Each structure stands twice: as structure tokens, then as C-alpha cells.
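J.: build me a structure from this.
(chains A, B, C and D)
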Number of protein chains: 2
Amino acid sequence: MAIKERKEREKQEMRNLIIESATAMFLKQGYDKTSIRNIADDIEYSPATIYLYFKDKDEIFYVIHENAFDILDKLLRQHEAIADPLERLDAIGRTYIKFGLENPDYYDLMFIMRAPMEQIKNEEKWKAGECAFGYLLTTLSDCLAQDKIRQNDLHVTAIQVWSFVHGLVSLYVRERMCILMLEDDATREVLYSSFTLFMQNLKT
Amino acid sequence: MAIKERKEREKQEMRNLIIESATAMFLKQGYDKTSIRNIADDIEYSPATIYLYFKDKDEIFYVIHENAFDILDKLLRQHEAIADPLERLDAIGRTYIKFGLENPDYYDLMFIMRAPMEQIKNEEKWKAGECAFGYLLTTLSDCLAQDKIRQNDLHVTAIQVWSFVHGLVSLYVRERMCILMLEDDATREVLYSSFTLFMQNLKT
DNA sequence: GAATATAATAAACACTGTTTAGTAAATGCA
DNA sequence: TGCATTTACTAAACAGTGTTTATTATATTC
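T.: Next up is the predicted model:
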């Protein structure tokens, strides 16, 4: 019964086709302008066909959200070789911010939008998020073990670090950094300076 | 020509009626479920009438956004009497977080959603935001003058503080704090503990 | 009282996500 | 090979959305 396998393969190919089209559209025009009908038009199928492969629009964007986490994870784990955990933490932080500034739509989907989280409610666990957060936890754990940062509860420290960098990026991508009344380049410089200051305050 | 004045008054009353209905609906059911048709139904006018008083849906939510800032401003300025600027900063921070946790929909509109910012692009200035941020700047300025916090650029420090508390609240309201796998009450405690730690790290 | 200006609306436009009922093609079995 | 069944797909509809236009009813001015 090789037919069943081929069918399974074809099903997966169709899912990939939809995801590819949706991702391209999403990165080009944003979430709101990426409609099921637009995707259907692009892949030359009827809108109803998409619902044979995905439960709803949220499920499509949950897959894109997972792919985005794969990209971020790879970027962050590039720094795994850095021996000094504090240096590693610094590199992770800067890469996280850089990712957010350069991929505002991905960042939105991963950490701001409600859409992919609706999906997670049904799946019990936010796997992608846990993976990245776990990496932060181990790095901070190393910092604490080597007394590189001020001693405190690991989770409280992790939330402090993540909240800060997320705050920087999310205020920027949702255009609240306009209060600084600076050009885009200058605003980004303030963000990185602020991160530098934060790291200094974190040190023992 | 007292008629013109009455007409102007009636126009303002109608605007207030729409805003009141929209606000009640928004706080009860959120942004997405607050449609122009629902508001029209509620105030017993046709949907088209609303467009005689507001340019579009965004303009309605810009007004609600401004009202929300009035509420937050009043809450934050309650601490104006605290003499020690560091104590004042601490109180401001905790009140900001409390406001976000207790009014997630308002917080959304003020600091996360795109809708009200679309309006601001046409108005040149984010008045409400500048007012609150200005209050943070003066408080931090006092802290620096009295050498209560580590010396650094005022704006960079302000962005650091705001980004951190915004990160805490926005990750919470957009349900990303689920990575902690804690009950709601415990999660909130971690947020406040994290703020305490942040303030410690900020001190000289 | 007639002419004009204002206020309100019904209906339409162009969308959206999603479901249902029906068709055409591929597959399983005799 | 021929027929029944399953699978893949879609046209059309449903119930919404924000917004605009043409029309009617009311109020104001002259």
C-alpha cells in the first residue's frame, strides 16, 4: 500500500505550499492583509480547500510562528560556544533585539499577537517558547553559579531579562518609541545603549 | 445665534454618547467584538450616523485611548507628594504594573495595539504618551540629581525603566507568561518580585 | 410660507473567516 | 475490466466586518 504513503506525502506537500504562500504574504503585507482568499488565489486553489489542511487561520499562523522560533533559536544558539556566561548572555540579548528589529512581523507573531496563542491553548504547551526560555534559564544559571550576576531567584531573574528586552522590541515595533522624537537610527541606538546599561546593572 | 452653540453642544453630546457606548462595549467584550454596528445598535442610531461624528473606528478608539491615559496619569501622579524620588519611582512602577494587570484592555489600547497610533500619525504628536513619559523623566531626573541611581543618560535610563515594566505587563496580557507554568496569582507575584529586583539593580 | 441647510438612514460595496452541499476524479474490490 | 466507494476539490452561501452613497425627513433661515 504505497499509495497511502504517497497520499500522506501529498498532504504534507499541500500543507507546505499553503504555509509557504502564507509566510511570503505575511512577511510582505502583514497579518491583516493575508486573507484565506488571498492565499487561495496565490496557490490557485479554492478558499475551502485550505480548510481541508488547516482547522482555521490561527493554525496556519501557529505553524509560521513555530518556524519563526526555529530561526530565532538557531540565531541565539550560535552563541553557545561563548565560554563566559555573562558574555554569552550579552550576545543572546543583542541578537534577540536585532532579530526583533529586523523581523518585526515575525516578532509580532511570536511575542505580541493573540492568534498563535489561541492554538496553544488547545495544545497545552508552548513548546517553541519553552525551548528559547530554557536556553535563557541555563545561561542565567551559569551566570549565577559563577557569581557573575547579582544573586537572586533564577526564574525572577529570567523574567526580568526577558521582560526588558521584550519591552524594548515591542515598544519599538508597535511604534511607541516615537515619544523619543528621534530618527529611526537614533532610536535603535538608544535601545542598544539601554541594553548595555541594563547589563551593567545586572553585574555583581 | 444661540442655535449654533446648542448645535455644537448637541454634536459633542452625540460624540460622548458614542464614546460611552464604545468604551462600555470595549471593556466588556474587547476591541474585535466592538463593531460599529454593535455601537449603533446600542445607542439606537444607524451605523452611518457614527461616521458623521467620527472619521473611522480608529478615531473612536483614539479617544478611548486618551481617556485611559487620563486615568493612568491620575493614578501615577498620586505619588507626586513622595519626597524621595527613588521611593516615588518605585511607587510609580508598581502602580503602572497594577494598572496594566487590572485593566488589560485599556493597557492594550495604550501601549500594544496599532489602532490608536494610526490616528497619531495624522496628529503629529502623541500627547498622552508624552505626558506620562515626561513624568517618568522628571522623577528619574530627580533620582540622578540626588545620586540615588547609577549615573547615566536620562533618556536611556527612562527607556530602560519603561521597557522593563512594559515588558512585564505586555508579556502577561498577551499570555506569554504561561512559560512559567504557574497559577495566575503566582505569576503576578513573580512580576512584582522581578520589579523589586530591577529597582535594586538600579540603585547606586 | 418657500427655500435652504442639517441630520439621519437604508442600502450597497468590498471585504473577511468559515461551512455546506454537490461534483469530479482516484482508488478498492469483484 | 466494471462498478461501488472513498477522496479531493469547489461554488455558493452564511454571517459578519468597516465604510460610502444616494435619499429622505427635519430644522433653520429668509
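J.: stretch A:11-25 close to DNA strand D?
T.: Yes - counting by CB under 7 Å from any atom of the strand, DNA strand D is contacted by stretch A:11-25 at A:K11, A:M14. (C-beta placed from N, C-alpha, C; glycine too.)
J.: what distance do you get for the residue most central in space within chain A to DNA strand D?
T.: Centroid-nearest residue in chain A, with CA atoms, centre = their mean: A:M110, separated by 3.9 Å. Applying CB to the nearest atom of the strand, to the nearest Å, the value for A:M110 to DNA strand D is 26 Å.
J.: for that residue, which non-adjacent residue is spatially closest?
T.: A:A68 (5.3 Å; CB to CB, 6 or more residues apart in numbering or on different chains).
J.: and what of A:E130?
T.: B:I179 (5.7 Å).
J.: residues touching whichever strand or helix holds A:D70, excluding its own?
T.: Per DSSP states H and E: A:D70 is located in helix A:57-77. Helix A:57-77 has contacts (CB atoms under 8 Å, 6 or more residues apart in numbering or on different chains) with A:15, A:18-19, A:22-23, A:26, A:31, A:36, A:39, A:50, A:54, A:92, A:95-96, A:99, A:103, A:106, A:109-110, A:113, A:115-116, A:118-120, A:127-129, A:131-132, A:135.
J.: enumerate the residues of chain A near DNA strand D.
T.: Residues of chain A lying near DNA strand D (CB under 7 Å from any atom of the strand): A:K7, A:E10, A:K11, A:M14, A:E44, A:Y45, A:S46, A:P47, A:A48, A:T49, A:L52.
J.: what about the one helix or strand the first one maps to, near chain B?
T.: It refers to A:K7. Using DSSP H and E, A:K7 sits within helix A:2-29. No - using CB under 8 Å from any CB of the partner chain, helix A:2-29 stays clear of chain B, coming no nearer than 14.2 Å.
J.: what pLDDT, on average, does the very next helix or strand once past that helix get?
T.: Sequence-wise, the next helix or strand downstream of helix A:2-29 (DSSP H and E) is helix A:36-43. Per-residue pLDDT over helix A:36-43 has a mean of 98.
J.: surely A:R150 and B:L202 touch.
T.: No - here A:R150 does not reach B:L202: they are 11.6 Å apart, not a contact under CB atoms under 8 Å.
J.: with neighbour numbers in mind, choose between those two.
T.: Comparing A:R150 with B:L202 by other CB atoms under 10 Å in any protein chain shown, the one with more neighbours is B:L202, at 24 against 15.
J.: ok, for that one, nearest residue in space, not its chain neighbours?
T.: B:I149 (5.1 Å).
J.: A:G129 too?
T.: Sequence neighbours aside, B:I179 is the residue nearest to A:G129 in space, at 5.0 Å (criterion: CB to CB, 6+ apart).
J.: now do the buried residues in stretch A:170-178.
T.: For stretch A:170-178, a neighbour-count test (16 or more other CB atoms under 10 Å in any protein chain shown) marks A:S170, A:L171, A:Y172, A:V173, A:R174, A:R176, A:M177, A:C178 as buried.
J.: ditto for stretch A:193-204
T.: So, applying 16+ other CB under 10 Å, buried residues of stretch A:193-204: A:S193, A:S194, A:F195, A:T196, A:L197, A:F198, A:M199, A:N201, A:L202.
J.: one step back: distance of the residue nearest to A:M110 from A:M113?
T.: Taking CB to CB, to the nearest Å as the measure, A:A68 falls 11 Å from A:M113.
J.: please say which of those two ends up with more neighbours.
T.: Neighbours were tallied for A:A68 and for A:M113 using other CB under 10 Å; the higher tally belongs to A:A68 (25 against 18).
J.: pLDDT value on A:E8, please?
T.: 80.
J.: centre of the chain to the stretch of helix or strand A:T49 belongs to, how far?
T.: Assigned by DSSP H and E, A:T49 belongs to helix A:47-50. Offset of helix A:47-50 from its chain centre (CA atoms, centre = their mean, to the nearest Å): 27 Å.
J.: interface residues of chain A facing DNA strand C?
T.: So chain A meets DNA strand C at A:1, A:3-4, A:6-7, A:34-38, A:47-48, A:51, A:56-58 (CB under 7 Å from any atom of the strand).
J.: the helix holding A:D70 vs helix A:2-29, what angle?
T.: 80 degrees (axes from the mean of the first three to the mean of the last three CA atoms, to 10 degrees).
J.: wait, A:L109 sits on A:M117?
T.: No - the criterion here is CB under 8 Å, and A:L109 misses it with A:M117 at 10.1 Å.
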